[in-house]
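Q: output the structure for:
(one chain, ligands or ions: 1)
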Amino acid sequence: MRISVIGCGYLGAVHAAAMAKLGHDVVGIDVDERKIAELKAGRAPFFEPGLPELLTEVQKTGRLTFSTEMADAAGAVVHFVCVGTPQRKGENAADLRFVDAAFTSLAEHLKSGDVVVGKSTVPVGTAARLADEVQAIAPEAVLAWNPEFLREGHAVKDTLTPDRFVYGVPSGAKGEAATAAMDKVYATPLAAGTPRLVVDYATAELVKTAANSFLATKISFINAMAEVCEAAGADVTALADAIGMDERIGRKFLNAGVGFGGGCLPKDIRAFMARAGELGADQALTFLREVDAINMRRRARVVELTRELCGGSLIGKRITVLGAAFKPQSDDVRDSPALSVAAQLQLQGATVTVTDPEALANAKQRFPELSYEPDTKTAIARAHALVLLTEWQEYRELDPAAVGNQVDEKNVLDGRNVLDPGAWRQAGWTYKGIGRP
Ligand code: UGA
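A: Numbering: from 1, shown residues only. The predicted structure follows:
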């Protein structure tokens, strides 16, 4: 099938490459010339494991091209809209200006029978509004909403073999046509048994927001337990292991620590609250305010714990922050808890050096006032305290004895509870975890 993918960020670039891998002829379109130049050259414009290999593989087939011109979408029969929906400045609501711009500019190039598939995370009600717009400009085209559940760091696998497909379609013949088109696009994973659910627009939009809200709630739940564990002298990691063995609860997303960040969970729960307010259902989501508050409190708590670890004052202390990305296997620093803590530590008088295997270039752009050092050993040298905030494998594997010879003072704060407290203490370190005695 001929497919266009509008928006080549973390979602769209992977989607475009994955659709070409599935055998389709794909054009990826983005207004960002730098991004398109990189993709044209077969390079991933951001760090995503497996994406460079996938780009190289599919570009050899000639099935994947990139362009900055929306006119190049003409000719495709399925158009995926994958642009971002960030948080609006100074408000909780989502900023839909990129979605609106993409639809306005795409609409001109639609022809009869085309299927436009929205993948961006949008407030419920957006698809119905956009369907009216598409209808007005291209009456024979049809809109579907097909939310994306990929995780950064696992995006290639999540796109090629997702847990499920959700199709939000209108009722009647148009809905059937959209369903048939998406079934054709996803024929390979569907044949391999990936379930698909066909629902209305509003349900499809809500599935995505509800899923991210549930994940955020799960993380804040365990972080709330961490607060109680700290007060009671209990161990939240053992608690998570034990409750996680109950199949109804499950151990995944129960890792207490500095909390969630990134370009999705924080802004999605806020946009969800804002949208529920508009719909008169704000009471239903007041708990998400608490989920957000627990999450933000973790960052302040990590700063506090670091101060305690440094003997009561941060002034003049050399602190090495291990990790800048919002999570490992990503170079994304949007709303990264690690950087937010690093900036606070520096504001409160510490001399902070941040290190990360992939995210330093992005981190520098966001927080130019912090010092960055790509080499872990150099970053650690002469520190008064290490603060681990993104659990990259290389930080998990640090040898406490060897690292002990490089620092000035053996203080470590494990903001993701991934180090072995016994091993670090045995090597002479003062170890502090989150919600651990
Ligand atoms: C999230 C969802 O997991 C995806 O399903 C969704 O498609 C995506 O948002 C999106 O809306 O596009 P992502 O933001 O890539 O994916 O990252 P997650 O793996 O969900 O992690 C989010 C944050 O939670 C990270 O900062 C991570 O460190 C934190 N986290 C995760 C915890 O603090 N504890 C945990 O136990 C798990």
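
Q: in the stretch 101-250 of the chain, what residue lies closest to the ligand?
A: Residue of the stretch 101-250 of the chain nearest the ligand, by Cβ to the nearest ligand atom: residue 152 (3.6 Å). For the C-beta atoms, the positions are set from N, CA and C on the backbone; glycine is no exception.

Q: nearest residue to that residue other than its sequence neighbours?
A: Nearest residue to residue 152 in three dimensions, chain neighbours excluded: residue 330, at 4.4 Å (Cβ to Cβ, 6 or more residues apart in numbering).

Q: chain center to stretch 334-353: distance?
A: Here stretch 334-353 is found 20 Å from its chain centre; the criterion is Cα atoms, centre = their mean, to the nearest Å.

Q: go on, stretch 73-93?
A: How far stretch 73-93 lies from its chain's middle: 16 Å, per Cα atoms, centre = their mean.

Q: repeat for stretch 143-158
A: On the basis of Cα atoms, centre = their mean, stretch 143-158 is displaced by 11 Å from the centre of the chain it belongs to.

Q: may I see the buried residues of it?
A: Buried positions in stretch 143-158, judged by neighbour count with 16 or more other Cβ atoms under 10 Å: 143-150, 152-153, 155-156, 158.

Q: quick check, pLDDT for residue 401.
A: Note on residue 401: pLDDT of 98.

Q: can you get me the start-to-end distance on stretch 79-97?
A: The straight-line separation of the ends of stretch 79-97 (Cα to Cα, to the nearest Å) is 18 Å.

Q: and residue 26, backbone torsions?
A: The phi and psi values for residue 26, taken as degrees, to the nearest 10, are phi -120, psi 140.

Q: measure it to residue 428 for me?
A: As judged by Cβ to Cβ, to the nearest Å, residue 26 and residue 428 stand 56 Å apart.

Q: what about the two, which has more around it?
A: residue 26 (26 against 10; other Cβ atoms under 10 Å).

Q: hmm, that one is touching residue 20, no?
A: Yes - the pair residue 26 and residue 20 qualifies as a contact (Cβ atoms under 8 Å) at a distance of 4.5 Å.

Q: which neighbours do the two have in common?
A: Common neighbours of residue 26 and residue 20, using Cβ atoms under 8 Å, 6 or more residues apart in numbering, are 63, 64.

Q: can you confirm residue 65 is in a strand?
A: Yes - assessed by DSSP: H, G, I helix; E, B strand; the rest coil, residue 65 belongs to a strand.

Q: contacting residues around the nearest residue to residue 184 once chain neighbours are set aside?
A: Residue nearest to residue 184 in three dimensions, not counting chain neighbours: residue 1, with 6.0 Å by Cβ to Cβ, 6+ apart. Residues near residue 1 by Cβ under 8 Å, 6+ apart: 24, 25, 77, 78, 181, 184, 185.

Q: look up the pLDDT of the third one for me, please.
A: Turning to residue 77, the model gives it a pLDDT of 98.

Q: one more: the second one?
A: Reading off the confidence values, residue 25 has pLDDT 98.

Q: that one - how many residues pack around it?
A: Neighbours of residue 25 (other Cβ under 10 Å): 17.

Q: so what does residue 168 have for phi and psi?
A: Taking degrees, to the nearest 10 as the convention, residue 168 sits at phi -100, psi 120.

Q: apart from its neighbours in sequence, what residue is nearest it?
A: Residue 168 sits nearest to residue 204 (Cβ to Cβ, 6+ apart), 2.5 Å away.

Q: helices and strands around the helix or strand the one you found falls within, which ones?
A: For residue 204, the host element (DSSP states H and E) is helix 201-232. When contacts are defined as 3 or more Cβ pairs under 8 Å, 6 or more residues apart in numbering; DSSP states H and E, helix 201-232 packs onto helix 126-137, strand 142-145, strand 165-168, helix 236-244, helix 265-278, helix 286-309.

Q: need the pLDDT of whichever residue of the stretch 301-437 of the chain sits closest to the ligand.
A: Residue of the stretch 301-437 of the chain nearest the ligand, by Cβ to the nearest ligand atom: residue 327 (3.8 Å). Residue 327 is assigned 98 on the pLDDT scale.
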